[in-house]
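# Quick one, what's the 3D model for this:
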Amino acid sequence: MISSAPKLRSDLVIRRQETAGGTVFVVKDPVSGNFFRFREAEHFIAQQLDGETPLDVIRQKAEEEFGATLPPETLRAFVKNLAKTHLLETEETSSRKRGGQKRIRGSVLYLRFKVLDPSRLLDRLIPRLRFFFTPHFLVLSTALILLGAATVITNSRELIQDLSQIYRISSIPLFMAIIFFVVSLHEFAHGLTCKYFGGEVHEMGFLLMYFQPALYCNVSDAWLFPEKSKRLWVGFAGPYFELFLWALAALAWRVTDSETWINSLALIVTTTSGVKTLLNLNPFLKYDGYYMLSDYLEIPNLRRKAYRYVGTLMERVLFLPRTPVEFPQRERSTLLTYGLIAAVSSFTLIGYILVTAGGYLIENRQPTVFLLSSGFLGLKVRRRYRKLFGKAADPEDDGEDFKTSDGAESPEPDKPAKSKRKKSGAWHRPAIWTALAVAALVISFLVHLQLRITGAFNVLPIENADVRTAVDGIIARIYVDEGDKVKAGDLIARLLDDAPRAELLKVESDLAAKRARLQMLVAGPRAEEIALATKAVETGNSKLKQARDLYEQAKRGREERLALTETTIKKAEERLQFGLKNLEMFQTLIDEKLGSRMQLDEAAEQVAVRKRELEEARAQKLVLLAEDLAEARTNVAVTEKELKEAESRLQLLLAGTRKEEIQALEADIKRSEADQAFLRVQLAGTQILSPATGVVATPSRELKELKGQLVKQGDLIAKVFDLKTVTAQIVISEKEIAPIEVGQKVVLRTRAHPDQTFYGNVTSIATSAQGSSSAGEKTAPSASSSVSANKTIIVTTEIDNSSLLLKPEMTGQAKISCGPRRIVELITWRTARALKVDVWSWW
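Here you go, the predicted structure:
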């Protein structure tokens with residue numbers, strides 16, 4: 001029950017602010033921590049509520065102040081709203097003051113846990129951290145952030161590689177600890193900035209937003225700042241300081257060794273803070289970016305108002321009962337834009353989560369979890385529905401700090417009354433909807449639309465010819481370049497042919513000699529050859545006779561010399577005997593002293609001479625005995641051998657050529673001819689020719705690098721594609737393959753030429769499904785593949801490519817026209833394929 005003279009609470013904090021929409025007054029309830037915005041008329045009336053002045057007197061003062069009429073019921077509604085929000089002095093507000101704020105506030109979906117009052121800590125930190133609020137730090141930090149961004153962009157590949165090395169389940173606690181530390185600094189940056197500008201910060205804690213954990217720092221006092229710039233700086237301080245930490249971490253990661261713990265910590269901060277800051281600055285999520293946008297536009301509770309404005313427009317379009325809600329003209333375009341983007345993105349995200357997560361749960365047979373998750377998402381959809389159509393619950397559930405009453409009467413003095421139209425059209429709304437439903441039903445059964453199946457495709461040439469080497473060798477020259485048009489048999493490249501050419505000449509020369517010899521063998525000996533051989537035999541006989549005569553003569557001469565030597569030896573022996581006797585005689589005379597010494601010496605000398613003569617004669621005999629007439633016997637043997645050879649040659653000539661000799665020579669000739677053919681093939685293989693007509697598809701760089709390289713038989717030199725007609729392999733889900741038939745029309749557009757349309761017909765449909773993959777990529781079936789995995793079927797079409805616009809491996813989207821169907825059939829067909837087959841296993 002409201003008294004006749006209500007009183008505004010004296011502990012309220014009120015600040016005046018100038019906005020684009022006029023002067024407003026921000027009111028803070030220090031007990032609940034809630035904030036309110038009053039316009040000038042509302043503020044004037046609230047200030048008159050002193051507990052003594054009756055409402056009629058206040059109404060009269062307001063009419064005098066603003067020069068317009070203020071209906072009593074409007075004033076009472078405003079005062080009632082003040083009492084409802086606990087801004088008036090009542091027994092309930094007194095008990096609320098004694099109770100203070102609760103540590104746990106909010107709802108199940110938006111729950112805040114107050115952990116500490118950081119006011120004293122922030123007061124002690126401000127003097128020590130004033131450098132962070134100077135222009136020098138702003139310039140330095142901006143430069144570091146830009147440098148960090150450049151570092152991350154230029155080293156993105158290394159960043160991903162390093163992250164993959166530490167991205168393990170065991171690293172989750174470390175990730176969480178670092179994120180908690182960085183977020184704490186983020187929130188302290190909010191609180192310090194608010195304190196620096198003169199605000200109060202009495203709450204820091206833990207937040208559960210839709211069961212997602214987060215930290216928070218209540219800097220709602222920033223709404224009391226008259227300057228918009230200060231309010232924006234308070235909101236921007238957290239993400240900006242986190243960006244500063246991110247830049248420091250990025251630079252530390254780049255300059256430190258990857259095996260150090262500093263590098264690992266810097267890598268975690270770089271990856272987590274970068275992504276988190278992007279999400280934090282997203283104005284369509286209720287984080288810092290949203291509150292900064294709300295402060296910049298000077299539209300408190302921007303999200304809730306935008307939803308409500310879009311809901312009002314939907315009520316108008318759908319002829320639904322409307323609750324009269326007025327929105328300032330300057331805010332309508334902003335609310336419409338923000339509301340549409342936020343609503344569409346929110347409902348799209350919820351639908352995506354429902355489809356993907358729900359599909360996973362259904363595939364893994366978790367219907368209970370699926371139903372619970374669907375219920376939770378249903379709550380979120382219900383909340384957004386209530387926001388759209390003005391049925392939202394307590395704004396505190398969404399974390400709104402400006403408490404308003406959209407739709408409640410404002411105590412603004414009345415303007416000239418406008419005529420109200422009667423809802424004369426309300427009675428025929430059911431009839432309109434019924435007519436529309438009947439028309440839609442008739443159209444769905446009578447109107448036919450084309451059933452089109454879409455799928456990704458990639459382009460392949462109609463013929464893909466590989467140019468390969470037939471022999472081993474070194475590439476001497478490449479005659480084509482990328483994009484050159486060639487015909488079948490055109491020269492592509494040439495190998496060095498010096499070695500096979502020289503070997504071929506050698507084999508051909510040897511083969512010619514063997515063939516000539518074969519002709520000689522087949523023709524047989526000539527008369528001249530026989531006569532010559534006969535003469536050679538006669539000459540051999542003559543030489544043999546002569547050699548034998550010479551041998552006999554030498555033998556007789558040796559015997560005569562031997563006899564003469566025997567005679568000489570006998571004479572020498574006799575003379576020696578005679579000399580020895582004389583020597584013995586003279587020795588006896590000397591002993592008897594009858595002879596002279598001279599005679600004895602002469603006798604001794606004669607004995608020595610006779611001994612030498614005997615030795616010479618005996619030596620000459622030995623020489624004659626050793627002489628075996630070897631030269632004469634050798635001459636006889638050589639002559640006999642030559643005679644036998646001449647006689648054998650004559651016998652061969654007289655007998656003719658043997659058949660076996662001719663056959664052996666013919667076999668040898670065939671072997672040489674095989675060597676000749678092989679070398680000719682080898683020599684021809686040095687000329688690398690195009691096997692098909694088409695366009696050279698090998699890059700120029702690769703072709704140029706081939707010159708001078710050693711290649712093996714079968715190595716790839718180039719690719720030649722026939723691009724006048726190409727094929728497109730379209731990947732179609734197995735769920736949509738049923739209506740596709742050979743011959744159906746296909747319309748295609750590539751990413752390279754999105755403004756041009758290509759046409760073709762279905763030429764073939766794969767006989768088996770394969771694992772989900774990119775167009776044209778085939779995956780080998782495995783026993784471990786999931787039965788419920790997404791399967792695709794390749795559909796092939798041929799496309800005329802006379803313009804050569806389509807290149808191999810180009811990708812795009814194709815539409816296959818499967819014939820007209822009734823709209824109801826199309827809806828049924830699409831609906832049946834939207835449901836998973838696994839659902840049928842639940843019953």
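# Identify the residue nearest the geometric centre of the protein.
Taking Cα atoms, centre = their mean, the centroid of the chain lies closest to Arg157, which sits 10.3 Å from it.
# Help me confirm that that residue is found in a helix?
Yes - counting by DSSP: H, G, I helix; E, B strand; the rest coil, Arg157 is located in a helix.
# so how far is Phe38 from it?
56 Å (Cβ to Cβ, to the nearest Å). (Each C-beta comes from the backbone N, C-alpha and C, glycine too.)
# Which residues are in contact with Glu574?
Contacts for Glu574 (Cβ atoms under 8 Å, 6 or more residues apart in numbering) come out as none.
# Three-state assignment for it, please.
Under the three-state scheme (three-state DSSP), Glu574 adopts helix.
# Likewise for Lys114?
strand.
# Tell me what it is bridged to.
Beta-bridge partners for Lys114, by DSSP bridges, are Gly205.
# I'd assumed Gly33 was in contact with it.
No - with contact defined as Cβ atoms under 8 Å, Lys114 does not count as touching Gly33 (10.0 Å).
# The closest residue to Thr698 other than its chain neighbours sits in which helix or strand?
Distances taken as Cβ to Cβ, 6 or more residues apart in numbering put Ala718 closest to Thr698, at 4.2 Å, once the chain neighbours are dropped. Under the criterion of DSSP states H and E, Ala718 resides in strand 716-733.
# do the same with Gln450
Going by DSSP H and E, Gln450 is in strand 448-468.
# In that strand, which of the residues would be classed as buried?
Buried residues in strand 448-468, counted by 16 or more other Cβ atoms under 10 Å: 451, 453, 455-461, 463, 465, 467.
# helices or strands next to the helix or strand following that strand in the packing?
Sequence-wise, the next helix or strand downstream of strand 448-468 (DSSP H and E) is strand 473-478. Counting contacts by 3 or more Cβ pairs under 8 Å, 6 or more residues apart in numbering; DSSP states H and E, strand 473-478 packs against strand 491-495, helix 700-706, strand 710-711.
# most packed of these?
Greatest average neighbour count among the helices and strands packed on strand 473-478 goes to strand 491-495 (a mean of 19), per mean count of other Cβ atoms under 10 Å.
# what does it rub up against?
467, 469, 471, 473-480, 486, 685-690, 696, 706, 711, 717-718.
# For ChimeraX, write a command that selects the buried ones of those.
Those of the contacts of strand 491-495 that count as buried under 16+ other Cβ under 10 Å are selected in ChimeraX with:
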select :467,469,471,473,475,478,480,486,685,686,688,689,690,696,706,711,717,718
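# list the helices and strands the host helix or strand of Gly191 packs on?
In this assignment (DSSP H and E), Gly191 forms part of helix 172-196. Helices and strands touching helix 172-196, by 3+ Cβ pairs under 8 Å, 6+ apart, are helix 119-128, strand 212-217, helix 228-255, helix 261-280.
# gap between Ala342 and Glu227?
28 Å.
# Show the model's pLDDT score for the closest residue in space to Glu63 that isn't next to it in sequence.
Using Cβ to Cβ, 6+ apart and skipping residues adjacent in sequence, the residue nearest Glu63 is Leu70, 5.3 Å away. Looking at Leu70, its pLDDT reads 85.
# For Val26, name its beta-bridge partners.
Beta-bridge partners, per DSSP bridges, of Val26: Arg15, Arg37.
# any idea how far Glu18 is from it?
12 Å.
# Also Glu326?
Computed as Cβ to Cβ, the Glu326 to Glu18 distance reads 22 Å.
# what helices or strands is the helix or strand Val607 falls within leaning on?
Val607 is part of helix 597-626, with elements assigned from DSSP H and E. In this structure, helix 597-626 packs against helix 527-591, with contacts taken as 3+ Cβ pairs under 8 Å, 6+ apart.
# pull the helix or strand with minimum mean pLDDT from this protein.
The least trusted helix or strand in the chain, going by mean pLDDT, DSSP states H and E, turns out to be helix 367-388, with a mean of 58.
# Show me which residues of whichever helix or strand comes after that one are buried.
Where DSSP H and E defines the elements, the next helix or strand beyond helix 367-388 is helix 429-446. Residues of helix 429-446 classed as buried: Ser444 (neighbour count, 16+ other Cβ under 10 Å).
# Might you list the low-confidence residue ranges for the stretch 101-250 of the chain?
Scanning the stretch 101-250 of the chain for pLDDT under 70 picks out the ranges 101-102, 106-110, 210-212.
# Quick one: end-to-end distance for stretch 195-215.
19 Å (Cα to Cα, to the nearest Å).
# quick one: contacts of that stretch?
Around stretch 195-215, the neighbours that count as contacts under Cβ under 8 Å, 6+ apart are 33, 101, 109-119, 122-123, 126, 133, 180, 183-184, 186-187, 191, 194, 216-219, 221-222, 224-225, 230, 233-234, 286, 380, 399.
# That's all I had, so thanks and see you.
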